[in-house]
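Participant: sharing a model that was predicted from the sequence below.
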Amino acid sequence: MSSKKCEPPPLDSLATTEKATFLRLGHKNHSQWTALGSASFILISGGMSLAWGSGFAVHSAHRDQLLRTVHMQIAWYATAVLGALFGAFYTHRLPQQPIYILASVLVIASGTLFLAWPECPGAIIAARYLDGLANGLAFVPALSTVGEISVNEIRGLLASTVEQLSFNTGILMQLIYTAVWQVDWNVVIVADQVHGVLSIVYGAIALALALTLCVESPVHLLMRSSEQRALVALRHLQRPYMVTSEMLLRLDEHKQYVAGNREMCLGASLQKGYPSVLKLLALRLLGVLCLNSIICSALYETGNQLVSCLYAWPFVVFGLLRWCGCFLAVLLMDTTGRKKPTLFGIFSTGAFAIAYANLFGRTPHMITALVMLFSLQFLARLGQCASAAYLTEGFPLRIKPHMVAAVYIIEQAVLLLLCSFLPSIAGITAYFHFLGALSMVLFLLGIFCLPETRLVTLAEAQVKFSKWFNKDF
């Protein structure tokens, strides 16, 4: 009798199996995204407002005022900070659903002001106040609980989708309508009203999702000693909607996570969270440096020398490449992991920033400079996407909302400082040299300090982040 040799399956068979497994996993756990879908659409509106405040609103009747009026500059950032402060207090203390409902209504109200009174500066300032407050209110609970709602296998994908992909979708939408709008169009609606319509649509979808599909964090319920309600929440976070052995294992994992963090006093929590907050601040602030009024000025000055109709394809390509870089990184979060794409993106950001700084202002090389700026945006998003997953994984449970809020507040403060600064040509060059040098330093530090948290539990990820040095890949 001849014995058959065991041969490994062909590569295409393995690829098909992995794809089927990934799709099955996504179908089984899609309720985890819809549970946070309200926050996603609120953050899309926030992405539009961030781009508007950074200067990507060239057809707005208030663009000159945005550059001159301090009140209009600080409006969105001030209330985003206020909302984050509230979020640090009520997350893990109050139910999330009423907060998402309130934030959705605020987004709708903001869009209504843009739509109804587009020429009135007071109405625009009030609208930006409302949208900023909505985003601050939604950001902290969403990023604090996304890791608690999702399974380990898709935690990175879900966190980066809810935050990074949502923000960059809003930025892309703002850039698209900014690019295609023509001031000589014979239409009744003006550009700021388009912003209002889009905000109303996002707010309405967010409100519908908050009213119908919002599910509380099982960890929050266990912290309130509601084990039965936590099991019900877990049942609604996956298909089929029934209690399974896998679900009971997840419940035990959450109970151990809560119990381990309850034993940790405030001082120990702060000590373990200190390395995490420094790492995440460095990573997140690098992302802030890649979208602000200086970047907008750089795109304007570069594109202005190349195309007669500036407000067309350069803006669309700029936004599209940001979004594509983010989308690619989202797909890599739970396959390749967090650390490799982050380090590659940071290093490439530094290289392209230095290349752009050396080419900017040299007329024969401006087309190359524009390509460098586009590439920088793509790779910057590739390097920043994991920061959303890191935010939900890096802090001890007792102080997680407060640390997430602290990182977010510092981001808004830096954004406000940058968005009120109008640089000269020499200033833009110096800025990109600084961005490139900083990226290279953070790349070297990231090799030794950033952890790889793919497919580990929240408790294990928290332990990794509490260490200053992590050489795992």
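Facilitator: Structure's in. What do you need?

Participant: which element follows the host helix or strand of residue 72 toward the C-terminus?
Facilitator: Residue 72 belongs to helix 70-90 when assigned by DSSP states H and E. Following the chain from helix 70-90 toward its C-terminal end, the next helix or strand by DSSP H and E is helix 96-116.

Participant: for that next one, give the mean pLDDT please.
Facilitator: For helix 96-116, mean pLDDT rounds to 95.

Participant: flag every buried residue along the helix or strand following that helix.
Facilitator: For helix 96-116, the following helix or strand on the C-terminal side (DSSP H and E) is helix 121-149. Neighbour counts over helix 121-149 (16 or more other Cβ atoms under 10 Å) mark 123-149 as buried. C-beta here means a position set from N, CA and C on the backbone, and glycine is covered the same way.

Participant: can you pull out the low-pLDDT segments for this structure?
Facilitator: 1-23, 26, 64, 66-68, 182-188, 307-312, 363-365, 473 (pLDDT under 70).

Participant: closest to the centroid, which residue in it?
Facilitator: Ranked by distance to the mean C-alpha position of the chain (Cα atoms, centre = their mean), the top residue is residue 164 at 2.6 Å.

Participant: how near is that residue to residue 151?
Facilitator: From residue 164 over to residue 151 the distance is 19 Å, taken as Cβ to Cβ, to the nearest Å.

Participant: one more: residue 282?
Facilitator: Residue 282 is 29 Å from residue 151, by Cβ to Cβ.

Participant: and if you look at residue 84?
Facilitator: Taking Cβ to Cβ, one finds residue 84 at 27 Å from residue 151.

Participant: same question for residue 273.
Facilitator: 24 Å.

Participant: these two: which has the busier surroundings?
Facilitator: In this view residue 273 and residue 151 are compared by other Cβ atoms under 10 Å, and residue 273 has more residues nearby, 23 against 18.

Participant: please name the nearest non-neighbouring residue to the more buried one.
Facilitator: Among residues not flanking residue 273 along the chain, residue 395 sits closest, at 4.8 Å (Cβ to Cβ, 6 or more residues apart in numbering).

Participant: assign that neighbour to helix, strand or coil.
Facilitator: Per DSSP: H, G, I helix; E, B strand; the rest coil, the secondary structure class of residue 395 is coil.

Participant: residues near it, how many?
Facilitator: 30.

Participant: next, give phi and psi for it.
Facilitator: With angles defined as degrees, to the nearest 10, residue 395 sits at phi -120, psi 150.

Participant: put the alpha carbons of stretch 281-297 into CSV.
Facilitator: In CSV, the C-alpha atoms belonging to stretch 281-297 read as follows (Å, rounded to 0.1, in the frame of the first residue of the first chain):
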residue,chain,number,x,y,z
LEU,A,281,0.9,62.4,23.5
ALA,A,282,4.0,62.1,21.4
LEU,A,283,2.2,60.0,18.8
ARG,A,284,-1.0,62.0,18.7
LEU,A,285,0.7,65.4,18.6
LEU,A,286,2.7,64.3,15.6
GLY,A,287,-0.6,63.7,13.9
VAL,A,288,-1.7,67.2,14.8
LEU,A,289,1.3,68.6,13.1
CYS,A,290,0.2,67.1,9.8
LEU,A,291,-3.1,69.0,9.5
ASN,A,292,-3.4,72.7,10.5
SER,A,293,-3.3,76.1,8.9
ILE,A,294,0.4,75.8,8.1
ILE,A,295,-0.3,72.6,6.1
CYS,A,296,-3.1,74.4,4.4
SER,A,297,-0.8,77.3,3.6
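
Participant: starting at the chain centroid, how far to it?
Facilitator: 13 Å (Cα atoms, centre = their mean, to the nearest Å).

Participant: mind listing residues that contact that stretch?
Facilitator: The contact list for stretch 281-297 (Cβ atoms under 8 Å, 6 or more residues apart in numbering) reads 50-51, 54-56, 171, 322, 342, 346, 349, 376-377, 380, 383-384, 386-387, 390, 407, 410-411, 414-415, 418-423, 427-428, 431, 435, 438-439, 442, 445-446, 450.

Participant: 6 Å instead?
Facilitator: Residues outside stretch 281-297 that contact it (Cβ atoms under 6 Å, 6 or more residues apart in numbering) are 54-56, 380, 384, 387, 407, 411, 414-415, 418-419, 423, 431, 435, 442.

Participant: for residue 301, state which of those is nearest.
Facilitator: Nearest to residue 301 among the contacts of stretch 281-297 is residue 423, at 9.6 Å by Cβ to Cβ.

Participant: what about the closest residue to the closest one other than its chain neighbours, which helix or strand?
Facilitator: In space, residue 423 comes closest to residue 294 once its chain neighbours are excluded; the distance is 5.4 Å by Cβ to Cβ, 6+ apart. Take DSSP H and E as the rule and residue 294 turns out to sit in helix 293-304.

Participant: run the angle between the helix or strand following that helix and helix 293-304 for me.
Facilitator: Note on helix 293-304: by DSSP H and E, the next helix or strand toward the C-terminus is helix 313-332. Interaxial angle, helix 313-332 versus helix 293-304 (axes from the mean of the first three to the mean of the last three Cα atoms, to 10 degrees): 130 degrees.

Participant: buried set for helix 313-332?
Facilitator: 314-327, 329-330, 332.

Participant: which strands or helices does the helix or strand following that helix pack on?
Facilitator: Sequence order places helix 339-359 as the next helix or strand after helix 313-332, per DSSP H and E. Packed against helix 339-359 by the contact rule (3 or more Cβ pairs under 6 Å, 6 or more residues apart in numbering; DSSP states H and E) you find helix 366-384, helix 425-449.
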